[in-house]
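Q: I would like the atomic coordinates for the input below:
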Amino acid sequence: MTIAQLAERNGIKPDTMRKRWNRLHPSVPFSVNAEITEQQAAELLNVPARKSAPVPSRVPRVRSANLSASVPSVAESVPPIPFSVPPEIRAEQNTESTADFRVIMCRWLLWLITAAHMMLVLVGAFIRFDGLLGLFVAFIPCAFIVASNIAATDSRFWETTENAKFSAFVLYCAFGYLDFLTFREVVDLPSAESRFWFSVSASVLLGMVAFSALVFQQKMSVEK
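A: Sure thing, here's the model as predicted:
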């Protein structure tokens, strides 16, 4: 059993599993896909929640009818107790905020890669296959690729994304051939040989990067 399967079975976030693992095994690197024993699984499920620092309460103000107005009350004579967040909790919050920012930036860049490649496919279909008709035909597989990327951003759809990746790979191969035809027709280079090799290299490279973006989205959903 892997940590990812244990987290999904018990409805626990992978990030919570990472924190529990680091508390139990600080010297062992965490991996959500690591195989664990039944004893380690029980330890991860039985880790108690970290207690927050107690908030100091104010001293109740003592009033007395027999004391004159010039005599300060007990609450006024006791200075307020300063309260600050413990350094370890503050450091953990800063680390989580930085990690969330990095995840958001990676997500945006991966979506930009997917969107740019889909635009190239739509433009190529528009140029090669009778204008709007080719655009409409290319829109359907592009919509499937976008749906696969959306499913890859949610760890609950791990198996769904795994099944969709084969279809996405076949579509990216078809897109690569379409990109090759588009580059060969649009790019203007001195010789036909250089235009051919540029078209081959660019179409293969773009297809590999776009498919890797889908795989990366899926991995981030489980390991975040």
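Q: show me the helices in the protein, by range?
A: 3-10, 14-24, 38-45, 74-77, 87-128, 132-152, 158-186, 192-223 (DSSP state H).
Q: now the longest one: average pLDDT?
A: Predicted confidence along helix 87-128 averages 79 (mean pLDDT).
Q: then the second one?
A: Model confidence over helix 14-24, given as mean pLDDT, is 79.
Q: that helix versus helix 38-45: what angle between them?
A: Calculated by axes from the mean of the first three to the mean of the last three C-alpha atoms, to 10 degrees, helix 14-24 forms an angle of 110 degrees with helix 38-45.
Q: so what secondary structure elements neighbour helix 14-24?
A: In this structure, helix 14-24 packs against helix 3-10, helix 38-45, with contacts taken as 3 or more C-beta pairs under 8 Å, 6 or more residues apart in numbering; DSSP states H and E. For every residue, glycine as well, the C-beta is placed using N, CA and C.
Q: with distance to Val146 added, can I get those in a markdown table?
A: Written out in a markdown table, the entries for the helices and strands packed on helix 14-24 read as follows (distance: least, C-beta to C-beta, whole Å):
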| stretch | distance to Val146 |
| --- | --- |
| helix 3-10 | 24 |
| helix 38-45 | 35 |
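Q: packed most tightly, which of those helices would that be?
A: A comparison of the helices and strands packed on helix 14-24 by mean neighbour count, using mean count of other C-beta atoms under 10 Å, puts helix 3-10 on top with a mean of 17.
Q: among the helices and strands packed on helix 14-24, which is nearest Phe157?
A: helix 3-10 (10.8 Å; C-beta to C-beta).
Q: CA atoms only: put that closest one into PDB for me.
A: Below are the C-alpha coordinates for helix 3-10, written out as PDB (Å, rounded to 0.1, in the frame of the first residue of the first chain):
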ATOM      1  CA  ILE A   3       0.800   6.700   1.200                       C
ATOM      2  CA  ALA A   4      -1.400   8.100  -1.600                       C
ATOM      3  CA  GLN A   5      -3.700   5.100  -1.400                       C
ATOM      4  CA  LEU A   6      -3.900   5.300   2.400                       C
ATOM      5  CA  ALA A   7      -4.700   9.000   2.200                       C
ATOM      6  CA  GLU A   8      -7.400   8.500  -0.400                       C
ATOM      7  CA  ARG A   9      -9.000   5.600   1.400                       C
ATOM      8  CA  ASN A  10      -9.300   7.500   4.700                       C
END
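Q: average pLDDT for it?
A: Averaged across helix 3-10, the pLDDT comes to 78.
Q: what helices and strands are in contact with it?
A: Contact analysis of helix 3-10 by 3+ C-beta pairs under 8 Å, 6+ apart lists helix 14-24, helix 38-45 as its packing neighbours.
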